[in-house]
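Q: Show me the folded form of this:
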Amino acid sequence: MKKLSARRRHPLAAVVVLLLALAATGGLYAAFAPAGKAQADETAQSLAIDEGKKLYSVGCASCHGSGGQGTTDGPSLVGVGSAAVDFQVGTGRMPAQQPGAQVPKKKVIYNQAEIDQLAAYVASLGAGPITPTKSQVDPSGADVAKGGDLFRTNCAQCHNFTGQGGALTKGKYAPNLEGVSPKHIYEAMQTGPQSMPSFPDTTLPEQEKKDIIAYIKTVNGSDAESPGGLSLGGLGPVSEGLFGWIFGLGGLIAIAVWVAAHTAKAKKS
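A: Numbering: from 1, shown residues only. Below is the predicted model of the structure:
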């Protein structure tokens, strides 16, 4: 009886063994699974860069140089980041058809997968602004009123107060923002394309960018109202003054001519 009692295991021994087994299994998973995932991500990124380099050599290298260093026909792409590529190529501005004061928006010739590959290659040339995620550009719950204040302070001088665009110097212009996707608006603020200044997170935090996007979408939405009647393109006092001069003063002149003509007839009779 004494021998049997000496060989009897402690009631908690099985629990301890189970915990040790689980710990060993978890340790093995922690040691190998993350490394495997990281290796897979790295491989996928390398493949995207390789494919992007091929696309770049065909569609971009003639202007921006074989290594993105830039030429007399195009600026350096080192350090512009993936966000700049996603904006320029995703809006059809690049590849450019011909040089000019400003490259216009046009039909997109690459699909999103190819744009992502191009962006991955250009990003590999030097660190720069990263393409935003869906959550970063989602204006849901943003402060539209604050976005309006920020837009009028930082953007309305060029885009006018409702984002309808406007003329700049030397043949350049601020494009109309109606219908532009939230992602591309966010990327434009990140990268400052063409004549536009850039607004990094140190200058304009992510939440404020969302507020501006929400304002642009609200004032250009189907439910937007114009308290003054005709919006006249949302161009403000310039278009309103021109409308007043052409139709208001023109109407007064027409009335004056009509009165003068009828007065002359009355005197003759």
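
Q: Okay, and the beta partners of residue 74?
A: Note on residue 74: beta-bridge partners by DSSP bridges are residue 71.

Q: who's in contact with stretch 40-47?
A: residue 120 (CB atoms under 8 Å, 6 or more residues apart in numbering). C-beta here means a position set from N, CA and C on the backbone, and glycine is covered the same way.

Q: so how far is that stretch off the chain centroid?
A: Taking CA atoms, centre = their mean, to the nearest Å, one finds the center of stretch 40-47 at 25 Å from the center of the full chain.

Q: pLDDT averaged over that stretch - what is it?
A: Mean pLDDT, stretch 40-47: 82.

Q: same question, stretch 166-175
A: 90.

Q: Tell me which residue lies nearest the centroid of this protein.
A: Residue closest to the mean C-alpha point of the chain, counted by CA atoms, centre = their mean, is residue 184 at 2.2 Å.

Q: Check which helices and strands the host helix or strand of that one sits against.
A: Element membership for residue 184, per DSSP states H and E: helix 182-191. Using 3 or more CB pairs under 8 Å, 6 or more residues apart in numbering; DSSP states H and E, the elements in contact with helix 182-191 are helix 81-90, helix 134-137, helix 206-219.

Q: contacting residues for the residue nearest to the centre of the chain?
A: 86-87, 90-91.

Q: Report the buried members of those.
A: Buried members of the contacts of residue 184, counted by 16 or more other CB atoms under 10 Å: 86-87, 90-91.

Q: Now distance to residue 41 too, for these, in TSV please.
A: Converted to TSV, those look like this (distance: CB to CB, whole Å):
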residue	distance to residue 41
86	19
87	24
90	23
91	28
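
Q: measure the residue nearest to residue 178 when sequence neighbours are not counted to residue 162 for me?
A: Excluding its sequence neighbours, the residue lying closest to residue 178 (CB to CB, 6 or more residues apart in numbering) is residue 220, at 4.4 Å. Plainly put, residue 220 is 7 Å away from residue 162 if you go by CB to CB, to the nearest Å.

Q: Likewise for residue 45?
A: Using CB to CB, residue 45 is found at 41 Å from residue 162.

Q: Over to residue 58?
A: Taking CB to CB, one finds residue 58 at 40 Å from residue 162.

Q: Which of the two has more residues huddled nearby?
A: Higher neighbour count among residue 58 and residue 162: residue 162, with 25 against 10, using other CB atoms under 10 Å.

Q: Tell me the pLDDT of the nearest residue to residue 110 once chain neighbours are set aside.
A: Leaving out its chain neighbours, the residue that sits closest to residue 110 by CB to CB, 6+ apart is residue 89, at 5.7 Å. Among the per-residue scores, residue 89 shows a pLDDT of 97.

Q: show me what contacts residue 89?
A: Residue 89 touches 95, 108, 110, 115, 118-119, counting by CB under 8 Å, 6+ apart.

Q: By neighbour count, which of the residues you listed wins?
A: Counting by other CB under 10 Å, residue 118 has the largest number of neighbours within the contacts of residue 89, with 28 neighbours.

Q: Quick check: the gap between that residue and residue 109.
A: Computed as CB to CB, the residue 118 to residue 109 distance reads 11 Å.

Q: Once you drop chain neighbours, what's closest to residue 198?
A: If the residues on either side of it in the chain are set aside, residue 198 comes closest to residue 192, at 3.1 Å by CB to CB, 6+ apart.

Q: coming back round to it: for residue 38, find the nearest of the helices and strands packed on helix 182-191.
A: For residue 38, the closest of these is helix 81-90, at 19.7 Å, according to CB to CB.

Q: What are the buried residues along the helix or strand just after that closest one?
A: Remark: after helix 81-90, the chain's next helix or strand is helix 112-124, criterion DSSP H and E. Within helix 112-124, the residues that count as buried by 16+ other CB under 10 Å are 114-124.

Q: got it, and stretch 179-189?
A: 180, 182-189.

Q: Repeat that for stretch 44-54.
A: Under the neighbour-count criterion of 16+ other CB under 10 Å, stretch 44-54 has 48-49, 51-53 buried.

Q: could you check the angle helix 81-90 makes with the helix holding residue 184?
A: In terms of direction (axes from the mean of the first three to the mean of the last three CA atoms, to 10 degrees), helix 182-191 departs from helix 81-90 by 130 degrees.
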